[in-house]
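Student: Sequence plus the predicted model coming up.
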Amino acid sequence: MRLYLASTSPARRALLAQTGIEPVLVAPGVDEDAAVAAAATSLGRDLTGPELVAMLAVAKASAVADAPVDGSPVDGFVFGGDSAFEVDGVLYGKPHDPEVARERWRQMLAAGGGTLWSGHCVLDRRLAVDAPDALDAPAQGPGGAGRAGTVPPVRTVDASGGGPLGAAAFVAGVAPGGSAVVAAGDHVVAVDSAVLTFADDVSPEEIDAYVATGEPLEVAGAFTIDGRAAAYITRIDGAPSAVVGLSLPVLRSMLLRGFGIAWHDLWAL
């Protein structure tokens, strides 16, 4: 069973690899800034954190799902993901520039922490089966009791009712530290989140030294929990993997509850 990763992120690939899954990496080629701007214009307002990461996750998965990969059609499941870090109501993407990264670190440390939003989309593109709509798969149904600290049950939605955001509109109400999963046709969309607390004694010299490594420039929020910044983060409320780039518990539940696919079916044995 193939899993196509609509991303070139080394962190997302490494997360999957360490759990026994070797994804097929495909660059989605999505102009993220243009997609967000178009959605905001249609809505007449800025996107919330959950809306933004869910919409981009869907866009990335969709861009890969129906395009040939190495000359052949996709045959398996396509996963698209996106992340954003929110501090005091402001969403932080990739800083790109060292001075921008420094300023973001000053703001994040002044606030004491923030919320990492992680968007997920899984599209079914199996060729050897008549792929069912999400949640028409075997008797796993929506699954899960939805108790605190676990992945909530899947809700079936009509993506056309979500306006310009499609299915992503139905995960917009997630609270910091929470998650939501919806199914619409042949795809399942989810948002997970984790609340982070930063150390209260990080000095300007430490910020300068970290930014100088280049590590924070091309990652959401200007930090990586699986890199040098781990020493500056004192607490994570949520799935640690969500902070790295995708929530492994949420992805597992999306596949199982949405399509009847067990996690071990994707292992590269």
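Tutor: Sure thing, it's come through.

Student: Where does the prediction get shaky in the stretch 51-200 of the chain?
Tutor: By pLDDT under 70, the low-scoring segments of the stretch 51-200 of the chain are 129-149.

Student: which residues in it form helices?
Tutor: In the stretch 51-200 of the chain, helices defined by DSSP state H, counting those that start in this stretch lie at 98-111, listed in chain order.

Student: Can you tell me the closest non-neighbouring residue to residue 35?
Tutor: Here the nearest residue to residue 35 in space, its sequence neighbours aside, is residue 59; by CB to CB, 6 or more residues apart in numbering that works out to 5.4 Å. For glycine as for every other residue, the C-beta is placed from the backbone atoms N, C-alpha and C.

Student: actually residue 250, not the one I typed
Tutor: Leaving aside its sequence neighbours, residue 250 sits nearest to residue 192 (CB to CB, 6+ apart; 4.6 Å).

Student: For the one you found, which residues are in contact?
Tutor: Neighbour list for residue 192: 118, 120, 151, 179, 238, 239, 242, 247, 249, 250 [criterion: CB atoms under 8 Å, 6 or more residues apart in numbering].

Student: which residues does the second one contact?
Tutor: Meaning residue 120. If a contact means CB under 8 Å, 6+ apart, then residue 120 has 54, 57, 79-81, 189-192, 246-247, 250-251, 254 as its contacts.

Student: what does the fifth one give?
Tutor: Taking CB under 8 Å, 6+ apart as the definition of contact, the neighbours of residue 238 are 116, 177, 192, 193, 194, 195.

Student: surely the second one meets residue 193?
Tutor: Yes - the pair formed by residue 177 and residue 193 meets the contact definition of CB atoms under 8 Å, at 5.8 Å.
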